[in-house]
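[1] sequence first, then the predicted structure, then my questions.
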Amino acid sequence: MTEGNFPLEEFSHLRTPFYFYNTNLLRETIRTAVAEAARYGYHLHYAVKANANPRILSIISEYGVGADCVSGGEIQAALDAGFPADKIVFAGVGKADWEIERGLENTIFCFNVESLPELEIINELATKKAKTARIALRINPEVDAHTHHHITTGKKENKFGIHPEQLDAVLDRLPSLLQVQLIGIHFHIGSQLTEIEPFQKLCNRANEIRNTLENRGFRLQIVNFGGGLGIDYEHPDAHLIPDFKTYFETFHNHFPSFPGQEIHFEPGRSMVGQCGSLISKVLYVKEGSEKKFVILDAGFTELIRPALYDAYHTIENLTSNEPEEIYDVVGPICESSDCFAKQILLNRTQRGDVIAIRSAGAYGEIMASQYNCRQLPLAYFSENRIS
Ligand code: LLP
């Protein structure tokens, strides 16, 4: 088995579709991220939203990283998997009261606060529990991430973060909110960033914002830059492990940290994206009027990214060495958007062939649905070989 490949002979008898995770690659990726971050003393919180499979979470937690959560359910999943509460950060524009309470009860490391009304409620709920909530202000830096508009978060029109015009009002109010303690600032400009330039811009904006706060007398213990590092969907085997080195180096070069100040990150996709494939079987090959359709037993119920974001995933026929032909690869769901790829080259394909949809470890299994009364996909792991 090569790093990215699926050991077909061992798993071919299983009912498809299912997710297959290469845990060797997962471990190597996490080790690399942790080592590159450690060069600069950076802190990592894995973004649970990318993949909350309990097995994946527990492997990641072995490496001493924290967790970035966006719901009470994710906080619970992270705790269950062994992430320590004092390394959990909690973001989200719409935190429900019970979710804030869950965070307070577990004394999580930090709430990433996205608005003044939310700040007031956290203070109120913390007062009731006689707790102090550590908070970071999530500030919308108005930096364009140059990624798909559905996964851009740091622009003026996005709902995320405290908009710069509101920042003064929040800072004015903070001293009178006695049960919240400001420890830092937080940013996240978007996901699947393939250029380094937006991160440089983020560093510059963060520097300005840090100065504004420091000038007003707020001492920041942490600056959290969120996630966003992209992966290579076109050539997964060429870049199985993302370039964490350049990524962290960029922050080191463009954002000088103050003595005693910690820099935090929340990588999701880059940690788990390449280790997962969606494995599916071909049900039918159907001739259309102008093209051929490969109809899989997997659909957007198992992997929604192509339908939702026009996302590209490399697709491979694991069981054919025949000459390549051009196909549309689609699923069985009763929606035209249930299409994985249009007019791609695949080795000549027939019913029963096994297909791998690559780079599906992030935002794959976790976004699965039961639309059309389908079953949620199962997951198998390379380090738990099935006999
Ligand atoms: N931190 C915050 C506050 C976030 O909102 C996100 C992702 C991350 C960290 C992790 O970002 P990453 O390192 O994974 O880029 N479902 C979409 C992606 C949505 C990302 C949402 N936020 C997709 O399939 O592309």
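    Thanks, I have the structure now.

[2] going by C-alpha atoms from here, please, whenever you check contacts or count neighbours.
    Fine.

[3] for the residue of the chain most remote from its centre, helix, strand, or coil?
    Centroid-distance maximum for the chain: Ser289 at 39.4 Å, with C-alpha atoms, centre = their mean. Using DSSP: H, G, I helix; E, B strand; the rest coil, the structure places Ser289 in coil.

[4] from Gln350, how far out is it?
    18 Å (C-alpha to C-alpha, to the nearest Å).

[5] isn't Phe248 right next to Ala38, touching?
    No - Phe248 lies out of contact with Ala38 (C-alpha atoms under 8 Å); the separation is 9.6 Å.

[6] looking at those two, which one has more neighbours?
    Set side by side, Phe248 and Ala38 show more neighbours around Phe248, with 19 against 13, by other C-alpha atoms under 10 Å.

[7] that one: what's it in contact with?
    Glu36, Ala37 (C-alpha atoms under 8 Å, 6 or more residues apart in numbering).

[8] so the residue lying closest to Leu213 once chain neighbours are set aside: helix, strand or coil?
    Spatial nearest neighbour of Leu213, chain neighbours left out: Arg219 (7.5 Å); criterion: C-alpha to C-alpha, 6 or more residues apart in numbering. Of the three states, Arg219 takes coil under three-state DSSP.

[9] for this protein, longest helix please?
    helix 197-215 (DSSP state H).

[10] so what does that helix touch, helix or strand wise?
    Secondary-structure packing of helix 197-215 (3 or more C-alpha pairs under 8 Å, 6 or more residues apart in numbering; DSSP states H and E): helix 244-254.

[11] taking helix 197-215 as reference, get the angle to the helix it packs on.
    Interaxial angle of helix 244-254 relative to helix 197-215 (axes from the mean of the first three to the mean of the last three C-alpha atoms, to 10 degrees): 40 degrees.

[12] distance of the residue of the stretch 1-150 of the chain found nearest the ligand from Lys87?
    Ranked by C-alpha to the nearest ligand atom, the top residue of the stretch 1-150 of the chain for proximity to the ligand is Ala47, at 5.1 Å. Distance, Ala47 to Lys87, using C-alpha to C-alpha: 12 Å.

[13] which of these two has more residues huddled nearby?
    Ala47 (27 against 19).

[14] for the more buried one, give me its contacts.
    Neighbour list for Ala47: Ala67, Asp68, Cys69, Gly227, Glu266, Pro267, Gly268 [criterion: C-alpha under 8 Å, 6+ apart].

[15] re the thing from before, surely the residue nearest to Leu213 touches Ile185?
    No - using C-alpha under 8 Å, Arg219 is not in contact with Ile185; the gap is 10.5 Å.

[16] higher neighbour count, the two?
    Neighbour count, other C-alpha under 10 Å: between Arg219 and Ile185, Ile185 has more, with 22 against 14.

[17] just the C-alphas of stretch 49-65, formatted as CSV.
    Provided in CSV are the C-alpha atoms of stretch 49-65 (Å, rounded to 0.1, in the frame of the first residue of the first chain):
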residue,chain,number,x,y,z
LYS,A,49,-15.8,20.4,12.2
ALA,A,50,-13.5,19.0,9.5
ASN,A,51,-13.9,15.4,10.8
ALA,A,52,-15.4,14.4,14.1
ASN,A,53,-15.1,10.6,13.6
PRO,A,54,-14.4,9.4,17.2
ARG,A,55,-11.4,7.3,16.1
ILE,A,56,-9.9,10.2,14.1
LEU,A,57,-10.4,12.6,17.1
SER,A,58,-8.8,10.2,19.5
ILE,A,59,-5.7,9.7,17.2
ILE,A,60,-5.3,13.5,16.9
SER,A,61,-5.7,14.0,20.6
GLU,A,62,-2.7,11.7,21.2
TYR,A,63,-0.4,14.4,19.7
GLY,A,64,-1.1,16.9,22.4
VAL,A,65,-3.0,19.4,20.3
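
[18] who touches it?
    By C-alpha under 8 Å, 6+ apart, stretch 49-65 touches 27, 30-31, 34, 43-46, 48, 69-70, 74, 77-78, 81-83, 87, 268-269, 272, 361-366.

[19] the residues you listed in helices, which ones?
    Using DSSP H, the contacts of stretch 49-65 in helices are Arg27, Ile30, Arg31, Val34, Glu74, Ala77, Ala78, Ala81, Arg269, Val272.

[20] biggest separation within those, which pair?
    In those, two members sit farther apart than any others by C-alpha to C-alpha. They are Arg31 and Glu74, at 22.8 Å.

[21] out of those two, which sits in the busier spot?
    Glu74 (19 against 15).

[22] check what pLDDT the more buried one gets.
    The per-residue pLDDT reported for Glu74 equals 98.

[23] list the contacts of it.
    Counting by C-alpha under 8 Å, 6+ apart, Glu74 has contacts Val48, Lys49, Ala52.

[24] surely the first one and Ser71 touch.
    So that's Val48. No - between Val48 and Ser71 there is no contact, the gap being 9.8 Å when judged by C-alpha under 8 Å.

[25] for the stretch 51-200 of the chain, which residue gets nearest to the ligand?
    Closest contact between the stretch 51-200 of the chain and the ligand, by C-alpha to the nearest ligand atom, is at Ser191 (3.5 Å).

[26] skip the chain neighbours and tell me the closest residue to Ala81.
    Nearest non-adjacent residue to Ala81, counting by C-alpha to C-alpha, 6+ apart: Ser58, 4.7 Å away.

[27] helix or strand: which one has the one you found?
    Element membership for Ser58, per DSSP states H and E: helix 54-61.

[28] wait, Val282 touches Arg348, no?
    No - Val282 is not in contact with Arg348 according to C-alpha under 8 Å; the separation is 11.7 Å.
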